[in-house]
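Engineer: give me coordinates for this.
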Amino acid sequence: MAQIPAGANRPGKLTTKQTGDAAELRARRWLERQGLSFIAANVHERGGEIDLIMHDGAVTVFVEVRYRASSAFGGAAASVTRSKQNKLLQTARLWLARHNGSFDTVDCRFDVIAFTGNEIEWLQNAFSL
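Structural biologist: Okay, here's the model as predicted:
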């Protein structure tokens, strides 16, 4: 079995980036099993990043993936603040414009995949304009 890379100063522990990357890959595979198809991952536009962009039929789905080891300080879903939502909306707007679209011409929604410990929560249409 392949060895899991360790964090720089924490033998046997994943770095925050490694943990986030693993959660995003897990979310992508989970969504594909739910029937969505993959478009892009880690899309960077001025001012923000979108973790996953998927298709659910004709709908373009912008997905924010969140991970929390426990719900001690609120679950993963609670960490998607209004400020984060605004950044995601702006990033999606820029991505759509780059692909000859807009919120007026493309049917889209914003989902959150929240991992809290071993629990997964899929919030479809978690927020909107």
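Engineer: all helices of the protein, in order?
Structural biologist: Remark: helices assigned in the chain by DSSP state H are 16-33, 82-98.
Engineer: how about the strands in this structure?
Structural biologist: In the chain, the segments counted as strands under DSSP state E are 37-45, 48-56, 59-68, 108-116, 119-127.
Engineer: do you know which of the helices of the chain lies nearest Asn125?
Structural biologist: With distances scored as C-beta to C-beta, the stretch of these nearest to Asn125 is helix 82-98 (12.3 Å). Glycine gets a C-beta too; all of them are placed from N, C-alpha and C.
Engineer: just how off-centre is that closest one within its chain?
Structural biologist: Chain-centre distance of helix 82-98: 13 Å, with C-alpha atoms, centre = their mean, to the nearest Å.
Engineer: just checking, what packs against it?
Structural biologist: For helix 82-98, the packing partners by 3 or more C-beta pairs under 8 Å, 6 or more residues apart in numbering; DSSP states H and E come out as strand 37-45, strand 48-56, strand 59-68, strand 108-116.
Engineer: so which elements touch the longest one?
Structural biologist: Helices and strands touching strand 59-68, as assessed by 3+ C-beta pairs under 8 Å, 6+ apart, comprise helix 16-33, strand 48-56, helix 82-98, strand 108-116.
Engineer: so that strand versus strand 119-127, what angle?
Structural biologist: When axes from the mean of the first three to the mean of the last three C-alpha atoms, to 10 degrees is applied, the directions of strand 59-68 and strand 119-127 differ by 130 degrees.
Engineer: try the second one
Structural biologist: The directions of strand 48-56 and strand 119-127 differ by 100 degrees, with the same axes, to 10 degrees as the criterion.
Engineer: got a list of contacts for strand 48-56?
Structural biologist: Residues outside strand 48-56 that contact it (C-beta atoms under 8 Å, 6 or more residues apart in numbering) are 24, 27-28, 31, 35-43, 60-65, 87-88, 90-92, 95, 109, 113.
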